[in-house]
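Q: Quick one, fold the following:
(one chain, ligands or ions: 1)
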Amino acid sequence: MRFLITIISLCLLSQTGFAEEPGMVHFEPAKMDLPAKYQKIKPFWLDKMEVTQRKLIHYRQSTRFKDVPQYQAHFVKNKDQPANLVDWFEAATFCQREKKRLPTADEWMIAAGVKRTYPWGEAAFDGKNANICDKSCKAPWALWRIGDGYERVSPVGHYPSGATPEGIFDMAGNLWEWTSTRASGGVLLLLGKEQPREDFMDEVIIKGGSYGSHPSQSKNSAFAKSPTNFKASHVGFRCLKEGP
Ligand SMILES: [Ca+2]
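A: Residues are numbered from 1 along each chain as shown. All right, here's what the predicted structure looks like:
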């Protein structure tokens, strides 16, 4: 039995010699071909998928929100959709519960690809690599030649050809993603030096663009700002774990 456990443990070790984190991808910026400011960032793991409605509902049922009807998301038909209508505080608390945190904008950028235009590379939007403002979108900037199948939110992992080479999905389009980088500079962490205040209007960077934003907003280098207490249908999140 012990032999079997040892074999299983060895199988869970990655090529670099440490245990894999299920559902996450590892980055070691110091060993990557990156500009100096990124290489200083400590190693981390990032969720392959945005946090789903299924996970958020499960989380809410274990919190003080469990009896609050509007927090039960019973209107969500597809629980594999990414969680939206989540303010920064709830997203950060969700990650903390998983012993993770929200990524900084720079960490997010490393995962999306500092030297790539889009998470998958340089190819333009083709309806198969991301859920963006396509022909079904009502905005004036819709890409009317492209049909990606969704006017609004699509399930996570629906566009495999839009994944990064490392295997992270939906970094462009579908939902913007919360980061912990303050729009005015610095990092906002639940347990960090700069404590967030729910009564104070703070703004953080969001990344990736959404099903409704201008396609240029889904470039890796693009960003927008959002108030931390904002619950939006076009903003979701994924979590990061620090470690080797
Ligand atoms: Ca779309």
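Q: where exactly do the strands run in this structure?
A: Counting by DSSP state E, the chain has these strands, from start to end: 24-27, 44-47, 176-182, 203-207, 224-227, 235-236, 240-242.
Q: what is the rounded mean pLDDT of the fifth one?
A: Along strand 224-227, the predicted local confidence has a mean pLDDT of 96.
Q: Sheet partners, orientation included, of it?
A: Strand pairing for strand 224-227, determined by DSSP bridges: strand 203-207 (antiparallel).
Q: what residues does the partner strand touch?
A: Strand 203-207 has contacts (Cβ atoms under 8 Å, 6 or more residues apart in numbering) with 88, 105, 108-109, 112, 171, 176-184, 188, 222-228, 235. In this view, the C-beta of every residue, glycine as well, is placed from N, C-alpha and C.
Q: can we see that at 7 Å?
A: 88, 105, 108, 176-183, 188, 223-228, 235 (Cβ atoms under 7 Å, 6 or more residues apart in numbering).
Q: Just the buried ones from those residues?
A: 88, 105, 108, 176-183, 188, 223-224, 226, 228, 235 (16 or more other Cβ atoms under 10 Å).
Q: what's the neighbour count on Lys138?
A: Other residues within reach of Lys138 by the criterion other Cβ atoms under 10 Å amount to 8.
Q: Write out the residues of the chain neighbouring the ion.
A: When proximity is defined by Cβ under 5 Å from the ion, the chain lies next to the ion at 131, 134, 148, 150, 211.
Q: The third one: what's it in contact with?
A: With contact taken as Cβ under 7 Å, 6+ apart, Asp148 is in contact with 127, 130-132, 134.
Q: Can you give me the distance of it to Ala224?
A: Per Cβ to Cβ, to the nearest Å, Asp148 is found 20 Å from Ala224.
Q: before we move on, what about the first one?
A: Applying Cβ to Cβ, one obtains 17 Å for the distance of Asn131 from Ala224.
Q: Now do the same for the closest residue to Ala139 other than its chain neighbours: its pLDDT.
A: Nearest residue to Ala139, sequence neighbours excluded (Cβ to Cβ, 6 or more residues apart in numbering): Cys133, at 5.4 Å. Here the pLDDT value assigned to Cys133 is 97.
Q: same check, this time on Glu194
A: Model confidence at Glu194 (pLDDT) stands at 53.
Q: now do Lys115
A: 97.
Q: and if you look at Ser154?
A: Taking Ser154 on its own, its pLDDT is 96.
Q: and it, what does it touch?
A: So Ser154 contacts 131, 174 (Cβ under 7 Å, 6+ apart).
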